[in-house]
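A.B. asks: Predicted model and sequence below, questions to follow.
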Amino acid sequence: MIEKNLLKIKHLASIREDENYRFRAFLKGKDDKIIDRIVQRLHLEITQQIDCTLCGNCCCVSKPRLHPEDIMVLARMENMTPKSYQDNYCEKSEFDEIFLKTIPCRYLDEKKCSIFKNRPEECKSYPYTQKEKFTTRLLGMINSYEVCPIVFNLMERLKEETKFNL
Ligand code: SF4
Ligand code: SF4
């Protein structure tokens, strides 16, 4: 059964923190191509059962990184120049990466992204479970486990399928 209750997910994440780090070490010893095949199948199964437009939890806790093309699209939507958009709505990291600066995101309307079709590339990619080389992103997955129902359910199914903890 797919778990979508965000409070329950957060609670289980706090209880399972050690377990998730042990799972990370367990997966590091596995064939990454086999893990990718399982993860990509699970990603399809799970994302068909979770509607991001009814969740929006990642938009409440993280700031998406913006590429220049994202800034162009967002600035055009706001009738602003890219520079003015960046000055008003973005911040720079110490590595000169540009992020949207408000949390929750200024485009979150209740639980739904109000610019869903034009959302930044990083928003489209999150939580990255569709990408190859899953075993190289396990720290990020552990961080997202408490935030994102897709990651929570995928990690739990992956524990079962790899017979972790048996
Ligand atoms: S742009 Fe949309 S998907 Fe991206 S963080 Fe904001 S509300 Fe969420
Ligand atoms: S990516 Fe995860 S946290 Fe973000 S809206 Fe979709 S299910 Fe919720």
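C.D. replies: Sure thing, it's come through. Ligands and ions are numbered 1, 2, ... in the order given.
A.B. asks: For this structure, what lies in contact range of ligand 2?
C.D. replies: Contact residues, the chain versus ligand 2 (C-beta under 6 Å from any ligand atom): Ile50, Cys52, Cys55, Gly56, Asn57, Cys58, Tyr126, Pro127, Val147, Cys148, Pro149, Ile150. C-beta: built from backbone N, CA, C; applies to glycine.
A.B. asks: for ligand 1, what are the nearby residues on the protein?
C.D. replies: So the chain meets ligand 1 at Cys59, Pro64, Cys105, Tyr107, Leu108, Cys113, Ile115, Arg119, Pro120, Cys123 (C-beta under 6 Å from any ligand atom).
A.B. asks: Now tabulate those residues in CSV and tack on secondary structure, pLDDT and distance to Met72.
C.D. replies: Output for these, formatted as CSV (DSSP: H, G, I helix; E, B strand; the rest coil; pLDDT from 0 to 100; distance: C-beta to C-beta, whole Å):
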residue, secondary structure, pLDDT, distance to Met72
Cys59, helix, 98, 21
Pro64, coil, 96, 15
Cys105, coil, 97, 18
Tyr107, coil, 97, 16
Leu108, strand, 97, 21
Cys113, strand, 95, 18
Ile115, coil, 95, 14
Arg119, coil, 96, 14
Pro120, coil, 97, 11
Cys123, helix, 96, 16
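A.B. asks: got TSV for those, with neighbour count too?
C.D. replies: As requested, the residues of the chain next to ligand 1 are exported to TSV (neighbours: other C-beta atoms under 10 Å):
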residue	neighbour count
Cys59	24
Pro64	21
Cys105	23
Tyr107	21
Leu108	18
Cys113	18
Ile115	16
Arg119	20
Pro120	22
Cys123	22
